[in-house]
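Asks: when you get a sec, could you give me coordinates for this:
(2 chains)
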2 protein chains.
Amino acid sequence: MSSAKSPPVSPLAPATVPDLPPLPGVRIATSQAGIRYSGRTDVLYVDLAPGTRAAGVFTRSKCPSAPVDWCREALSHGAARAVVVNSGNANAFTGRLGREAVAKTVQIAAQAAGCSDREVYVASTGVIGEPLPAERFEGVLADCAARATDGPAAWAEAARAIMTTDTFPKLATRTAEIDGVRVTINGIAKGAGMIAPDMATMLAFVFTDAALPQAALQALLAAGTQTSFNCVTVDGDTSTSDTLLLFSTAKAGNAEIADAADPRLAGFKAALDSLLIELAQLVAKDGEGARKFVTVRVTGAESDASAHRIAMSIANSPLVKTAVAGEDANWGRVVMAVGKAGEPADRDRLAIWFGDVRVAVQGARDPDYSEDAASAVMREPEIGIRVDLGLGEGQARVWTCDLTKAYIEINGDYRS
Amino acid sequence: MSSAKSPPVSPLAPATVPDLPPLPGVRIATSQAGIRYSGRTDVLYVDLAPGTRAAGVFTRSKCPSAPVDWCREALSHGAARAVVVNSGNANAFTGRLGREAVAKTVQIAAQAAGCSDREVYVASTGVIGEPLPAERFEGVLADCAARATDGPAAWAEAARAIMTTDTFPKLATRTAEIDGVRVTINGIAKGAGMIAPDMATMLAFVFTDAALPQAALQALLAAGTQTSFNCVTVDGDTSTSDTLLLFSTAKAGNAEIADAADPRLAGFKAALDSLLIELAQLVAKDGEGARKFVTVRVTGAESDASAHRIAMSIANSPLVKTAVAGEDANWGRVVMAVGKAGEPADRDRLAIWFGDVRVAVQGARDPDYSEDAASAVMREPEIGIRVDLGLGEGQARVWTCDLTKAYIEINGDYRS
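Replies: Model prediction:
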């Protein structure tokens, strides 16, 4: 049971838990359903005002969880009145029982919220393959609906209720203006790896009072995901349950703008993108066993897509990640990771930097390279690795963490 | 310096080092050039009789080492008289200096063997990015040429001279008949991971006295590689220097058969494939920090290629590999790895076995599944993981090892 472990808080955790402002149209309650954990909250219930629109992006896994299937279906309608998230059981790979558990959860939540089933969104995170005892939500969700509040502590409680092996709650907030009307964006996330020990899922829920048509909301979320959550990796193991939902209560009273590319939405888009990046980085900073936060930048690629694949090849390489853990400026392994990516690359044009220290240029060790200077960079808690391919204008940036013995302990030793 | 570490021998190592028979036309010598190691051999010299033909397959890395570039060029001629392998320095990512070091090595070897440069094959394994001091081979290779022998100890010495972080020498031998003529195949390999700490390379050298045209030799080697070395992974990190060379001295006196698909070559093909598989498995069994040898079988896929990609996704998953290290029958992680492969899969048709224990069927936990029985399987040193997709006839089999704290120590801690 993860509750027995409670690992130490990541050294990369923010110093304080941010205070999120109330968000008109959003009320929150958490509870203990005892799905898997004891002595902690494991259910999040979010009440959304009538008229709330939803957008979402989900795992690309070919074996998605039952809740992911449900949310995809619900999104085809686009309206939202309630969100139910449980931690401790992912309801993934549970077959017919999984679909029945989702139906039961949705039915209980719809009754509590006084809405239709299709207006309820569900997400589950925890052990894979165990049936989810949805009947535990009987009473619990009705009680949550009655208690739901927009009080100052609500957002932090929400972030805590959805944690599994996370070592700290993940929250972020932004404000922006649309046509001179001030709007707020609040977001929470959980995840300690693309998949955590015996647990599956990266979950993130973002809420705004900005009034936006569902299509624009979806377009903005999809675009923002490309530069945030799709640029973070801990171990390259994609969860069966990854879920990112964005809800707009439309309470801010701004004029609705249908075109996501409308310049009047530029400020909102920038704020949303920035919030998604902050949440994504928090996931990497809580990566299982992580001691170092790594930013990998690739420039000079033939295309941005090519740069992204090369950056991910570096960020997912066990040998690069163990070198970072060992504070070893091992640029030979970066070369290896570039080479194995299968993307256009010219060995003799490669240049590599650790932080500001150029260690390799034109396909060979930089003649002026100082091992001491590079080692000093590697001792920092946050490390930048940059590769320039010298081929074109394509570039990408991704975030990851180091690979330490603690990762093996968390994922391998805990049952033995 | 790796020489300082000398890790304990892998628990998966064979009980004894096999005795390889002499192979007509092949003479071997090893020496100490002091490239990086002290107190051990680090150079292998192989003298090949006139008329020897060569075939080879190499890393698909976009940043191959200078020796790989040279061998690809030499193969366009196809004749071979000498092979020089050094351990301790991979001569990879060394730019112009790397090409010059290869030219120097080849020139010294050609003089020693009394052949043309293009008949010399070179391979290097060791640290990346350090210039290789080829002048160290002056005298050393001439001495090797004078001492080269086909004595019984020669093959084991050859296998030891090319080791880097390997914990045991890797040798295999087979015999076959071609048109009633008995032929022999001897092979050696090194590698303790697709790439080893600060070292790059999986190297394998196979020799036969069977008379085969170069084209047939190349066709047989390429085919055999698909079911052997291309089916083994330790950490998914492809080396810049992977090299597999096959040499035929044609001393057996069998009638030459031009068509690799000729049924009269079936016995030879089977023997070659079997030898390549044995060498490939030895590499996985010496995987860095390995305590378990894992065979992943995927059946019921839409195609063999699809099955192979899914099997590799499972074999490369850090979460599957840490679960094996923890002796945890964590089939949820196998589902995750199937899902993330991006290949056709139907969650609700999946079945999963650990050894003979079926733990999941029709997309859910097997109702008859016994955790005890599965755990007993996981405690074995050799573990089979099988997934049936229930979609088609495609199948694949790959080999890997578990991911342990020792891997992190070897690759991360050794410099810190």
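Asks: how about residue A:86, phi and psi?
Replies: phi -120, psi 150 (degrees, to the nearest 10).
Asks: show me the contacts for it.
Replies: Contact analysis of residue A:86 by CB atoms under 8 Å, 6 or more residues apart in numbering or on different chains lists A:33, A:35, A:42-44, A:105, A:123-126, A:132, A:137. Every C-beta, even on glycine, is put in place using the N, C-alpha and C of the backbone.
Asks: how about residue A:353?
Replies: With CB under 8 Å, 6+ apart, residue A:353 has these contacts: A:359, A:384-387.
Asks: coming back round to it: and chain B, which of the contacts of residue A:86 reach it?
Replies: Checked against chain B using CB under 8 Å from any CB of the partner chain, the contacts of residue A:86 give no members in range.
Asks: okay, now the unreliable bits of chain A?
Replies: A:1-7, A:193-201, A:413-416 (pLDDT under 70).
Asks: got the domain boundaries for it?
Replies: What automatic domain parsing lists as the domains of chain A is A:8-285, A:293-412.
Asks: how about the residues of the stretch 1-150 of chain A by chain B?
Replies: So far as CB under 8 Å from any CB goes, the stretch 1-150 of chain A lies against chain B at A:59-64, A:92-98, A:127-130.
Asks: write the PyMOL selection for whichever of those residues are buried.
Replies: To isolate the buried subset of the residues of the stretch 1-150 of chain A next to chain B in PyMOL, counting by 16 or more other CB atoms under 10 Å in any protein chain shown, use the following:
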select buried, chain A and resi 59+61+62+63+64+92+93+94+95+97+98+127+128+129+130
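Asks: what's the following helix or strand after the helix or strand where residue A:205 lies?
Replies: Assigned by DSSP states H and E, residue A:205 belongs to strand A:203-208. Once the chain leaves strand A:203-208, the next helix or strand it forms, by DSSP H and E, is helix A:214-226.
Asks: who touches whichever helix or strand comes after that following helix?
Replies: Tracing the chain past helix A:214-226, the next element assigned as helix or strand by DSSP H and E is strand A:243-248. Residues from elsewhere that reach strand A:243-248 (CB under 8 Å, 6+ apart): A:26, A:48, A:52-59, A:67-68, A:71, A:80, A:83, A:121, A:123, A:201-212, A:217, A:220-221, A:225, A:229, A:272, A:276.
Asks: so residue A:56 is in contact with residue A:217, correct?
Replies: No: counting by CB atoms under 8 Å, residue A:217 is not a contact partner of residue A:56; they are 9.5 Å apart.
Asks: burial measure for whichever residue of the stretch 201-350 of chain A sits closest to chain B, as a count.
Replies: As assessed by CB to the nearest CB, chain B sits closest to residue A:332 within the stretch 201-350 of chain A, at 2.9 Å. Counted by other CB atoms under 10 Å in any protein chain shown, the residues lying close to residue A:332 total 26.
Asks: pull up the residues of the stretch 201-350 of chain A that are close to chain B.
Replies: A:235-240, A:317-319, A:322-328, A:330-333, A:335-345, A:347-348, A:350.
Asks: which of those are buried?
Replies: A:235-240, A:317-319, A:322-328, A:330-333, A:335-341, A:343, A:345, A:347, A:350.
Asks: so how far is the strand holding residue A:205 off the chain centroid?
Replies: Here strand A:203-208 is found 10 Å from its chain centre; the criterion is CA atoms, centre = their mean, to the nearest Å.
Asks: picking up where we left off before, of the residues of the stretch 1-150 of chain A next to chain B, which belong to helices?
Replies: Those of the residues of the stretch 1-150 of chain A next to chain B mapping onto helices are A:95-98, per DSSP state H.
Asks: and which of those is nearest chain B?
Replies: Checking those one by one against chain B (CB to the nearest CB), the nearest turns out to be residue A:95, at 3.3 Å.
Asks: which one is that closest one nearest to, not counting chain neighbours?
Replies: Among residues not flanking residue A:95 along the chain, residue B:364 sits closest, at 3.3 Å (CB to CB, 6 or more residues apart in numbering or on different chains).
Asks: so how far is residue B:359 from whatever residue of the stretch 101-250 of chain A ends up closest to chain B?
Replies: Here the stretch 101-250 of chain A gets closest to chain B at one residue, residue A:128, 2.9 Å apart by CB to the nearest CB. Residue A:128 sits 12 Å away from residue B:359, going by CB to CB, to the nearest Å.
Asks: overlap of the contact sets of these two?
Replies: Counting by CB under 8 Å, 6+ apart, nothing touches both residue A:128 and residue B:359.
Asks: if I look at the residue in chain A sticking out farthest from the centre, how far off is residue B:80?
Replies: Residue farthest from the centre of chain A, counting by CA atoms, centre = their mean, is residue A:367 at 40.5 Å. Here residue A:367 is placed at a distance of 36 Å from residue B:80 (CB to CB).
Asks: repeat for residue A:313
Replies: Counting by CB to CB - residue A:313 and residue B:80 are separated by 34 Å.
Asks: which one of those two is surrounded by more residues?
Replies: With neighbours defined as other CB under 10 Å, residue A:313 and residue B:80 compare such that residue B:80 has more, 30 against 26.
Asks: in contact with the closest residue to that one other than its chain neighbours, which residues are there?
Replies: Once flanking residues are discounted, residue B:80 sits nearest to residue B:54: 4.0 Å by CB to CB, 6+ apart. Applying CB under 8 Å, 6+ apart, we find residue B:54 in contact with B:74-75, B:78-80, B:121, B:214, B:217, B:245-248.
Asks: if we go to 6 Å?
Replies: B:78, B:80, B:247 (CB atoms under 6 Å, 6 or more residues apart in numbering or on different chains).
Asks: can you check residue A:340 too?
Replies: B:61, B:238.
Asks: can we see that at 10 Å?
Replies: A:310, A:313-314, A:317, B:59-63, B:194-195, B:236-240 (CB atoms under 10 Å, 6 or more residues apart in numbering or on different chains).
Asks: which one of those residues is nearest residue A:156?
Replies: residue A:314 (34.7 Å; CB to CB).
Asks: need the nearest residue in space to that closest one, chain neighbours excluded.
Replies: residue A:337 (4.3 Å).
Asks: which residues touch the residue farthest from the centre of chain A?
Replies: Contacts of residue A:367 (CB under 10 Å, 6+ apart): residue A:361.
Asks: does it sit in a helix or strand, and which one?
Replies: Judged by DSSP H and E, residue A:367 forms part of no helix or strand.
Asks: residue A:359 belongs to a strand?
Replies: Yes: the assignment for residue A:359 is a strand, going by DSSP: H, G, I helix; E, B strand; the rest coil.
Asks: tell me the spacing between it and chain B.
Replies: Note on residue A:359: its distance to chain B, by CB to the nearest CB, to the nearest Å, is 9 Å.
Asks: that residue is in contact with residue A:331, isn't it?
Replies: Yes: counting by CB atoms under 10 Å, residue A:359 touches residue A:331, with 4.5 Å between them.
Asks: which residues do the two both contact?
Replies: Residues touching both residue A:359 and residue A:331 (CB under 10 Å, 6+ apart) are A:352-353, A:365-366, A:369, A:374, A:385, B:129.
Asks: and for residue A:149, the neighbour number?
Replies: So residue A:149, with other CB under 10 Å, has 13 neighbours.
Asks: list phi and psi for it.
Replies: phi -140, psi 160.
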